[in-house]
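Curious how this folds, go ahead:
(chains A and B)
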Amino acid sequence: MSGAAAFWRKYGVLFKTDWAIMMIYRSETLIWMVGAFIQPLVSLAVWVSLSGSGSIAGYTASDYVLYFTGVLVVDRLTRAWDVYELDRDIREGTFSAKLLRPFHPIHWSINGNIVYKAFFAILMLPAWLLLAVFFPAMRLSVDAGTLGLVIIAVLLSSAMRFVIGYQFGLLAFWSNRATAMYALYEAIHMFLSGRIAPLSMFPDWVAAAARVLPFYSTVAFPVDLLSGRLADTPEAVWQGFAQQIGWLLLLVLSLRLVWRAGLKRYGAAGG
Amino acid sequence: MIHVEGLSKIYRVHVRQPGFAASMRSLFHREYREVRAVDGINFHIPEGQIVGFLGPNGAGKTTTMKLLTGLLHPSSGRIEVGGFVPFRQQNAFKKRVSLVMGQKSQLIWDIPASETFLIHKEIYEIPEQAFKERLDYFTEMLELAHIMDKPVRQLSLGERMKCELVAALLHRPDIVFLDEPTIGLDVNMQEAMRRFIQSYNRDYKATILLTSHYMADVSALCERVLVINDGKLIYDGAISKMIDRFSPMKRITLVLGAQADIPAVEAAVAEGGGRIVVYDYPQLEVEVHREDVTSLSAKLLTKLPVSDLTIEDPSLESVIGLAYAEAGSQEAKG
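Next up is the predicted model:
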């Protein structure tokens, strides 16, 4: 068996296992998925009522509907939750079982992300199509090429957010407050990634910072692509991708460093 | 196969005082204390040997096991296991070793153990045929047939431990660390585990290091024991020699056929160099240095109306107790 084939067989069996576990807990998974809709829906309701029949910061009520539905889908498909599992595994020492196996523990987490996000996509995308039949505001005006770019942007964002979340999880090697630090990061992310409002609503310097740092490119960028806002500015599209790729490379690099330093600190608690 | 030289592991522990005020103070001023969990130990285990690793709770057994499997980085010293440096965590190393912790599970909780076995098949790259053969071997040895397809959370502790062992040994490691593999199991199950460990060692020439609080495990499986106390290795050698070393006394138990008066009994015992532990007619227990056992027995047999006589080594438990106590008193002196 070649190395690559063996590698994919490992992912295959992990995928099957995680899928089976998810199906055992399918109602919990659904509740979890729907729970994440609340924040974008509240934001949507606020902005739609504020904008009335006019527009705020370049968005009409119907633009807001499209924007926040986009946020809801993109956020759900890119958000990582590994910090909670890692934090628990490392503090309680259950991480040991994964470390002892000849397959890097990060693959278990990557696989978990693939399984749950595939499940979300299977439910959410047909739901969008169905809603678009009834609500004209949710119909997309972009071509197939752009949709392809949206998929790539969502995958890259998912990878970025995963690598960020995983590193926050690894902080558990040093501190028992890893999840608290992550919660703080998530609060900042909520504002700067465009989840609470489009970035054009913020002061210029805040929006500029959000574009340079890995915030805008994780949520608002794929949403802007999807809603057709970047149709006339191809340079903004390439900038967005360049930032995603650049940050991803940097983050992967720092992940390697944090991983190595963290393993030395590991206490493998419990016996 | 396992080589350890000058191995130490020092933990830096944050000292926490109880109470709210103390916890607020610790936000600004943290106190640390160094704990030497393992303190300069040396040993060598050749291929195929089963070695018992003994010591009181907190002596450093589990920490040593974690160092040997690469979970922990040593603070100083050298470790070589199967030609590898464990903490480098190479996959080739991980495919040759296994660690079973009686208190920690590596099985996936919500699904049957057989699913975890399938994951191990792929992760350890076990060929189809070999996987089938090994699983058959384990199924027969451990009588697993009816439990393998039940979700792990529905298994009893004993059933789960059997499955843990299978998950740990499917890739046929030649170096196995067993940390309390029989903890919490009933006597029959302990016996089954012991037989299994023995045959795994015999069939695959596996090197096994085993900790247990049950002396029956140790005396049934190990010719050699390492005793660790307070991070230091205080004994390395055969079990029988350990008894000589830490307990030079033997115990003679007599059953007297007729009442003998106390002064007569005392005189006979003292003359032979022994000491009375208990005299509760008809039972008499005497403790004596092992070199005086024969002469004392002879004297007692002639001078007292003995109807039964047995000579025993002290139990392994009490020897271990003596060993810990001796190490403790040396510590106090030194």
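
Might you list the low-confidence residue ranges for the chain?
I'll assume chain A. A:1, A:268-271 (pLDDT under 70).

hm, I was asking about chain B
For chain B, the stretches with pLDDT under 70 are B:330-334.

residues in contact with the strand or helix carrying B:A327?
For B:A327, the host element (DSSP states H and E) is helix B:316-333. With contacts defined as C-beta atoms under 8 Å, 6 or more residues apart in numbering or on different chains, helix B:316-333 is touched by B:54-56, B:215, B:218-219, B:227, B:229-230, B:232, B:234-235, B:239, B:242-243, B:246-247, B:313-314. The way it works is simple: take the backbone N, C-alpha and C, and place the C-beta from them, glycine included.

quick one: buried residues of it?
B:L316, B:S318, B:V319, B:I320, B:L322, B:A323, B:Y324, B:E326, B:A327 (16 or more other C-beta atoms under 10 Å in any protein chain shown).

In CSV, please show the C-alpha coordinates belonging to stretch B:246-265.
Taking Å, rounded to 0.1, in the frame of the first residue of the first chain, the C-alpha atoms of stretch B:246-265 are listed here in CSV:
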residue,chain,number,x,y,z
PHE,B,246,14.1,-6.5,52.7
SER,B,247,12.8,-9.2,55.0
PRO,B,248,15.5,-11.4,56.5
MET,B,249,12.9,-13.1,58.7
LYS,B,250,10.7,-16.2,58.1
ARG,B,251,7.6,-17.1,59.9
ILE,B,252,7.0,-20.5,61.5
THR,B,253,3.4,-21.4,62.4
LEU,B,254,2.8,-24.3,64.7
VAL,B,255,-0.3,-26.0,65.8
LEU,B,256,0.2,-27.5,69.2
GLY,B,257,-1.4,-30.9,70.0
ALA,B,258,-1.6,-30.2,73.7
GLN,B,259,-1.5,-27.2,76.0
ALA,B,260,2.1,-26.1,76.8
ASP,B,261,2.7,-23.6,79.5
ILE,B,262,3.9,-20.2,78.4
PRO,B,263,7.4,-20.2,80.1
ALA,B,264,8.2,-23.6,78.4
VAL,B,265,7.2,-22.2,75.0
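
Could you tell me how far that stretch lies from the centre of the chain?
Taking C-alpha atoms, centre = their mean, to the nearest Å, one finds the center of stretch B:246-265 at 33 Å from the center of the full chain.

gap between the residue in the stretch 101-250 of chain B positioned nearest to chain A and B:T294?
In the stretch 101-250 of chain B, the residue found nearest to chain A is B:Q106; the distance is 3.8 Å by C-beta to the nearest C-beta. Look at B:Q106 and B:T294: by C-beta to C-beta, to the nearest Å, they are 53 Å apart.

okay, the two: which has more neighbours?
Taking other C-beta atoms under 10 Å in any protein chain shown, B:Q106 and B:T294 do not tie; B:Q106 has more neighbours (20 against 12).

can you give me the strands for chain B?
Secondary structure of chain B (DSSP state E): strands at B:2-15, B:31-45, B:50-54, B:76-81, B:97-101, B:175-179, B:207-211, B:224-229, B:232-238, B:249-256, B:275-280, B:283-289, B:306-312.

Of these, which is nearest A:L213?
strand B:2-15 (32.6 Å; C-beta to C-beta).

Mind listing the strands the closest one pairs with, and their directions?
Partners of strand B:2-15 in the sheet, by DSSP bridges, are strand B:31-45 (antiparallel), strand B:76-81 (antiparallel).

what's in contact with it?
A:267, B:26, B:30-45, B:60, B:63-64, B:67-68, B:72, B:74-82, B:175, B:207, B:209, B:231.

Got a ChimeraX select line for the buried ones in those?
Typed into ChimeraX, the line below selects the buried ones among these, using 16+ other C-beta under 10 Å:
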select /A:267 /B:37,38,39,41,43,45,60,63,64,67,68,72,74,75,77,79,81,82,175,207,209,231
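
Which residue, other than its chain neighbours, is closest to residue 106?
Looking at chain A here, since you left the chain open. Distances taken as C-beta to C-beta, 6 or more residues apart in numbering or on different chains place A:Y166 nearest to A:I106, at 6.6 Å, with adjacent residues excluded.

think we crossed wires, I meant chain B
Using C-beta to C-beta, 6+ apart and skipping the chain neighbours, the partner closest in space to B:Q106 is A:A97 (3.8 Å).

The one you found and B:S105 touch, don't they?
Yes - using C-beta atoms under 8 Å, A:A97 is in contact with B:S105, at 7.5 Å.
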